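In: I'll drop the sequence and a predicted model, then ask my questions.
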Amino acid sequence: MELTESGRLVLAVFSFILGSMVGSFLNVCVHRIPQGLSVVKPRSRCPKCETPIAWYDNLPMLSWLILGAKCRKCGLPISWQYPLVEAITGALFLAVYWRFGLVAATPIYMAFVASMVLVTFVDLTDWTIPNEVTFPGIPIGVALAVAGLYFPESGLLLGGPIEAMIAGFAGGAFLYLLDKAALLLLGKRGMGFGDVKLIAMVGTFFGYKGVIVTIIIACFAGSIIGIAMILLTPKKEGEESAGHYLPFGPYLAAGAVLHLFFGPQLVELYLSTLTPAI
C-alpha cells in the first residue's frame, strides 16, 4: 500500500511511541524476570519504596524527566536505565518501520529487536540470558521460515526451514565448542549456555549468514571493549588481569540487530576483505 510522506511520518512517530511503551514494559521484565517474578502483576511500582506508579508518572522518558529522575513518593533516585531502555526500544521500532514499511515482517522484527533489548539489559545486570526469550524464540524462528515459503511478500529475511534449523544448530554448536575449548585451554568458561541458545535463535531467524555476521560483530566489539576496559580500569592489589569478565549476550544481540538492518552490506564488506584485490 502506497503512503504519502505525511502518512509515513505519522506511522514513524507512532512506531517510536509504541516502541517506547514496549520499552517501559521491558524495564519491568529486566527487573522481575531474574527474580522469577510475574511481569504482569502487580503493576509497575517504585523499586525502592514499592509504591504503585500512577499512569501519569509512567509516561516513557517524559515522566522521568518531569520528576527529575526521582520517585514522587519517596524522593529516591530512579536509574537512568529506565529512560534509556525506552529510548533505545523506541528508536529500534522506528528503524524497523523505516527499513521494512507496512509488511508482515515489521511487527515480527519489532518483537525481535525488543527481545534483543531485553537480553542485553538482563545480561548486563544479572549475567543471564532469559529462557523466556530463547526457548520460544528458536521454534518461532523455524516457524517463520516455514511461513515464508507460503507468504513470499511478507518481507521476512528468510532462507528456508532447513537452513533455519541447520544454522540454529550450527551456531549453537560453534559457541558450545568454543566454550569447551576455553575451559580446556584456559581452565575457565568462555561463555554461558545462554549465549549458545541465543545464537541458535539468531540462526533460526536469519540463517547461516546471520550467525556469521552476528558472531563476527560480537567478537570484534567484545574484544575492543574488553581490551579498553582492561587498559582503563585500575588494577586492584592482588587482582589478576584474567579476572576481567564481560557478558557476551549484549554483543550477540547487537550483532543480530545490525544484521537485521545491514546484513547484505555487512556480508559483502566481509567477503571483500577476504578477497585479494586483482
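Out: Thanks, I have the structure now.
In: Now do the phi/psi pair for the nearest residue to Ala54 once chain neighbours are set aside.
Out: Spatially, and ignoring its direct neighbours in sequence, Ala54 is nearest to Arg72 (7.9 Å; Cβ to Cβ, 6 or more residues apart in numbering). (C-beta placed from N, C-alpha, C; glycine too.) Per-residue torsions, Arg72: phi -60, psi -30 (degrees, to the nearest 10).
In: and the gap between Arg72 and Gln81?
Out: Applying Cβ to Cβ, to the nearest Å, the value for Arg72 to Gln81 is 18 Å.
In: Leu18 now?
Out: For Leu18, the distance to Gln81 equals 20 Å [Cβ to Cβ].
In: neighbour-wise, which of these two wins?
Out: Ranked by neighbour count (other Cβ atoms under 10 Å), Leu18 and Gln81 place Leu18 first, with 18 against 14.
In: If you drop the residues flanking it in sequence, what lies closest to that one?
Out: Phe93 (5.8 Å).
In: Repeat that for Tyr176.
Out: Val196 is the one closest to Tyr176 (Cβ to Cβ, 6+ apart), at 4.9 Å.
In: The one you found is in what secondary structure piece?
Out: helix 193-232 (DSSP states H and E).
In: Check which element follows the helix or strand in which Phe135 is found along the chain.
Out: Using DSSP H and E, Phe135 maps to helix 131-150. Per DSSP H and E, the first helix or strand lying C-terminal to helix 131-150 is helix 161-186.
In: is it true that Tyr82 touches Trp64?
Out: Yes - if you go by Cβ atoms under 8 Å, Tyr82 and Trp64 touch, sitting 5.9 Å apart.
In: Which one of these two is surrounded by more residues?
Out: Tyr82 (23 against 20).
In: got a pLDDT number for the residue nearest to Met201 when sequence neighbours are not counted?
Out: Using Cβ to Cβ, 6+ apart and skipping residues adjacent in sequence, the residue nearest Met201 is Gly137, 4.0 Å away. The model reports Gly137 with a pLDDT of 97.
In: State the distance from Gly137 to Ile88.
Out: Applying Cβ to Cβ, the value for Gly137 to Ile88 is 19 Å.
In: more neighbours, these two?
Out: Each of Gly137 and Ile88 has its neighbours counted (other Cβ under 10 Å); Gly137 has more, 23 against 20.
In: Quick one: residues contacting the more buried one.
Out: 115, 201, 204-205 (Cβ atoms under 8 Å, 6 or more residues apart in numbering).
In: Then Thr51?
Out: Thr51 makes contact with 45, 71, 73-74, according to Cβ under 8 Å, 6+ apart.
In: any chance of those residues in JSON lines, plus secondary structure and pLDDT?
Out: Listed next are those as JSON lines, based on DSSP: H, G, I helix; E, B strand; the rest coil; pLDDT from 0 to 100:
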{"residue": "Arg45", "secondary structure": "strand", "pLDDT": "85"}
{"residue": "Cys71", "secondary structure": "coil", "pLDDT": "89"}
{"residue": "Lys73", "secondary structure": "coil", "pLDDT": "84"}
{"residue": "Cys74", "secondary structure": "coil", "pLDDT": "89"}
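In: and which of these is nearest to Ile129?
Out: Ranked by distance to Ile129 (Cβ to Cβ), these are led by Arg45 at 25.5 Å.
In: partner residues bridging that closest one?
Out: Pro52 (DSSP bridges).
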